[in-house]
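*Asks:* Structure for the following, please:
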Amino acid sequence: MEKWRGKVAVVTGANSAIGTAIAETLGNIGMEVVGLAKRLDRFAELKTKFKRKKDKFHPIITDFANEEDIISAFEWVERHLGGIHILVNNTATSSKISPIEASTTDAWRQIYDINVIALQICSREGIKSMRKHHIDDGYIININSRAAYMTTPIPGMTSYYASKKAVNTIGEGLRAELGHNSKIRVTTISPALVRELQELEGIVVSPKVAGLESVDIAKTVELLLQLPSHVLA
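*Replies:* Predicted structure coming up:
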């Protein structure tokens, strides 16, 4: 893990349960972590944890439905920190879910803008940074969902499930594209139920369902970073 010490990691959705856990884990291995999120929630807690450990955390408020906002965040990283070594695409939304007949076009746009388009913009900007700074061993990690593999969506969540299937396709497409002319790796993690995330979104979770914890996803990211650079996961 020593190879990542002092390198730059960008984590989107860094104020969510999973994003916060990933940001903290990357900080623990000595990376400079840039956290992008739309709200300040939990940023204060993260900044305190990083400061206490003398790690470096840079929060940037970012509206993922706004391309200019996303590009501005990546420009800040370029100006202040240089090249990006790790990009974790974690931001997503499942809000405004409802049956198709009762939904609105704006609600669909919000889901696709944040879950799909923002991920592609972040990936594009991250790759541009890696290319510019000749970072051959860069890593893009997409945090997806088990929903990407379910053939029949839960009623009312069709758009959300469709967006998660798109994330899988984008991840596989990126692997193929980058595999031709670089050593930049791409991995998509698709966890099942994460209890903290469901609780934050107000979704009732049965006590009989064990579920995953956010730290489980963060540990998976840490495991990926321990793999030799020629190993794809």
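
*Asks:* Most distant residue from the centre of the protein?
*Replies:* residue 101 (30.4 Å; CA atoms, centre = their mean).

*Asks:* Quick check: that one vs residue 151, distance?
*Replies:* 21 Å (CB to CB, to the nearest Å). C-beta coordinates here come from the backbone N, C-alpha and C atoms, glycine included.

*Asks:* before we move on, what about residue 10?
*Replies:* Residue 10 is 33 Å from residue 151, by CB to CB.

*Asks:* quick one: which of the two has more around it?
*Replies:* Using other CB atoms under 10 Å as the criterion, residue 10 and residue 151 rank with residue 10 on top: 29 against 5.

*Asks:* ok so, going back, quick check: the residue farthest from the centre of the chain vs residue 155, distance?
*Replies:* For residue 101, the distance to residue 155 - CB to CB - is 11 Å.

*Asks:* Return the set of buried residues in the longest helix seen in the chain.
*Replies:* For the chain, the longest helix by residue count, based on DSSP state H, is helix 158-181. Residues 158-168, 170-171, 174-175, 178 are the ones in helix 158-181 that count as buried (16 or more other CB atoms under 10 Å).

*Asks:* now swap in stretch 64-84 and tell me
*Replies:* 64, 65, 69, 70, 73, 74, 77, 78, 81, 83, 84.

*Asks:* In contact with the fourth one, which residues?
*Replies:* This points to residue 70. 36, 62, 63, 64, 118, 121, 122, 125 (CB atoms under 8 Å, 6 or more residues apart in numbering).
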